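J.: Sequence first, predicted coordinates after that:
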Amino acid sequence: MTTSLKPVTLTNVYLFIPNLIGYARVILALFSLAVMSSHPKICTWLYIISCLLDAFDGAAARRYNQSTRFGAMLDMVTDRCTTSCLLCYLSSTYPKFVVFFQLLLSLDLASHYMHLVAMLGTGAQSHKKVNKERSWLLNLYYTNSRVLFIACAANELFFVALYLWSFPLKTPPYLGTWNGIPLSYVTFLAVFTFPIWLCKQIINVVQMVNAANTLTSIDVEERNKAIESTKSK
């Protein structure tokens, strides 16, 4: 007996489980932004939970066969927007380092946008479909779920540590100072995540350069085809 399959509608796609998780991430992120300047603990927990849910929407998409272009874009846009908002706050909190945070924000947005456009230009169905021939580092980053999770989590936690560092430390967990640096769980979090955060920035640079090379290669191929087409006439 053949089971009849109903056509999928817009409403169906919007209500896919991974997309519902994506909406929850957006709502949590919005609430975290609303209390960012006044309630650091509440903001931190909301922000962290929003980021952690990023690991569950992908798992849900694979588990229930509900991977969609909309879901992938929602996931990526949410990541970029939450990080951008936190960097904007850090820019205002640490005015001496405003250019540094502006550069980080620009690198994050530019590298991911260029990578997305480049992968679409090659005909890839997902920006995560990077083969080893194109870049072994990006292939490892996007195809190994553990590497991707650790890199993204450490990147966000480093920024969260800088955010918490901007508030007066209490006792406990204030543990004194070392060479003028206040010691607390926030300091340890920043020190622990810094090496991985730095690797994430290197990946962003590699991603942007690789995307530029890919887009340029597409341009070269299209122009050479146009030249050959003109010669054959």
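T.: Yep, that arrived. Residues are numbered from 1 along each chain as shown.
J.: right, and the helix or strand after the helix or strand of the chain with the lowest mean pLDDT?
T.: Within the chain, no helix or strand scores below strand 181-182, which has a mean of 65 by mean pLDDT, DSSP states H and E. Under the assignment DSSP states H and E, the closest C-terminal helix or strand after strand 181-182 is helix 185-231.
J.: what's that following helix packed up against?
T.: Counting contacts by 3 or more C-beta pairs under 8 Å, 6 or more residues apart in numbering; DSSP states H and E, helix 185-231 packs against helix 98-121, helix 136-143, helix 145-165. In this view, the C-beta of every residue, glycine as well, is placed from N, C-alpha and C.
J.: Output the shortest one as PDB, restricted to C-alpha atoms.
T.: Taking only C-alpha atoms (Å, rounded to 0.1, in the frame of the first residue of the first chain), the coordinates of helix 136-143 have been written out as PDB:
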ATOM      1  CA  TRP A 136      41.700  21.800   4.200                       C
ATOM      2  CA  LEU A 137      41.200  24.200   7.100                       C
ATOM      3  CA  LEU A 138      37.700  25.300   6.100                       C
ATOM      4  CA  ASN A 139      36.800  21.700   5.300                       C
ATOM      5  CA  LEU A 140      37.900  20.700   8.800                       C
ATOM      6  CA  TYR A 141      36.000  23.700  10.300                       C
ATOM      7  CA  TYR A 142      32.700  23.100   8.500                       C
ATOM      8  CA  THR A 143      32.600  19.300   8.200                       C
END
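J.: Could you give me the buried positions within it?
T.: 137-139, 141-142 (16 or more other C-beta atoms under 10 Å).
J.: Check stretch 189-205 too.
T.: 189-190, 193, 196-197, 199-200, 203-204.
J.: avg pLDDT for stretch 23-40?
T.: Across stretch 23-40, pLDDT averages out at 95.
J.: same check, this time on stretch 148-166
T.: When pLDDT is averaged over stretch 148-166, the result is 94.
J.: quick one, which of the helices and strands packed on helix 185-231 is packed in tightest?
T.: helix 145-165 (a mean of 18; mean count of other C-beta atoms under 10 Å).
J.: That one versus helix 136-143: what angle between them?
T.: 90 degrees (axes from the mean of the first three to the mean of the last three C-alpha atoms, to 10 degrees).
J.: counting contacts, what elements does helix 145-165 pack onto?
T.: By 3+ C-beta pairs under 8 Å, 6+ apart, helix 145-165 packs against helix 40-63, helix 69-93, helix 136-143, helix 185-231.
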